[in-house]
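Asker: would you be able to build a 3D model of this:
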Amino acid sequence: MLLPFIPELEIIGVFDRGKANAERIALRAQVTIDMVRYALLVGPIIVGSEARAIYPTRDVLFYFGPGIVKTDEWIIVYTGPGESLTTTMNDTMETVYVVHWGRPSTLFADSRIGPALIR
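Answerer: The predicted structure follows:
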């Protein structure tokens, strides 16, 4: 599956790969958006000279649902269970929305596996 470039929402990275209750994906809004239009897929990601593709893993999709995220606000998606909350970054005071995928185990222990954003 070829991945379209989605300039309005950027995946910053995956952090603490393979660590239970710590593994997370960081995203940052480049413009004000409604998250109802977005979801995350997971799978092996292939990066070529002209395109980026993913082989989606079966039954692994995170749908954000409705919610407005403003320019320069963050979304942190923990792969494990937990409660959603809104907080701020200590150093920049930027708004951070923390959500949880609710997976029973980590998704990104293998560095060849990554998240992909779809609209």
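Asker: against R52, how distant is the nearest residue to D72 once chain neighbours are set aside?
Answerer: Using Cβ to Cβ, 6 or more residues apart in numbering and skipping residues adjacent in sequence, the residue nearest D72 is E94, 5.9 Å away. The way it works is simple: take the backbone N, C-alpha and C, and place the C-beta from them, glycine included. In this view, E94 and R52 are 27 Å apart by Cβ to Cβ, to the nearest Å.
Asker: swap in N90?
Answerer: From N90 to R52 the distance is 33 Å (Cβ to Cβ).
Asker: how about the secondary structure of L117?
Answerer: strand (DSSP: H, G, I helix; E, B strand; the rest coil).
Asker: how about it, nearest residue that isn't a chain neighbour?
Answerer: Closest residue in space to L117, ignoring its immediate chain neighbours: I6 at 5.3 Å, by Cβ to Cβ, 6+ apart.
Asker: how many neighbours does the one you found have?
Answerer: Per other Cβ atoms under 10 Å, the neighbour tally for I6 reads 16.
Asker: my read: it touches L40, true?
Answerer: No. I6 lies out of contact with L40 (Cβ atoms under 8 Å); the separation is 11.2 Å.
Asker: which neighbours do the two have in common?
Answerer: Common contact partners of I6 and L40 (Cβ atoms under 8 Å, 6 or more residues apart in numbering): L117, I118.
Asker: show the pLDDT at A53.
Answerer: According to the prediction, A53 has pLDDT 83.
Asker: give me every residue that touches it.
Answerer: Applying Cβ under 8 Å, 6+ apart, the residues near A53 are M1, L2, L3, I45, I46.
Asker: what's the most distant pair in the residues you listed?
Answerer: Largest separation among the contacts of A53 by Cβ to Cβ: L2 and I45, giving 11.5 Å.
Asker: overlap in contacts of these two?
Answerer: Shared contacts of L2 and I45, counting by Cβ under 8 Å, 6+ apart, come down to R52, A53.
Asker: quick one: which of the two has more around it?
Answerer: Neighbours per residue (other Cβ under 10 Å) separate L2 from I45, with I45 holding more: 16 against 9.
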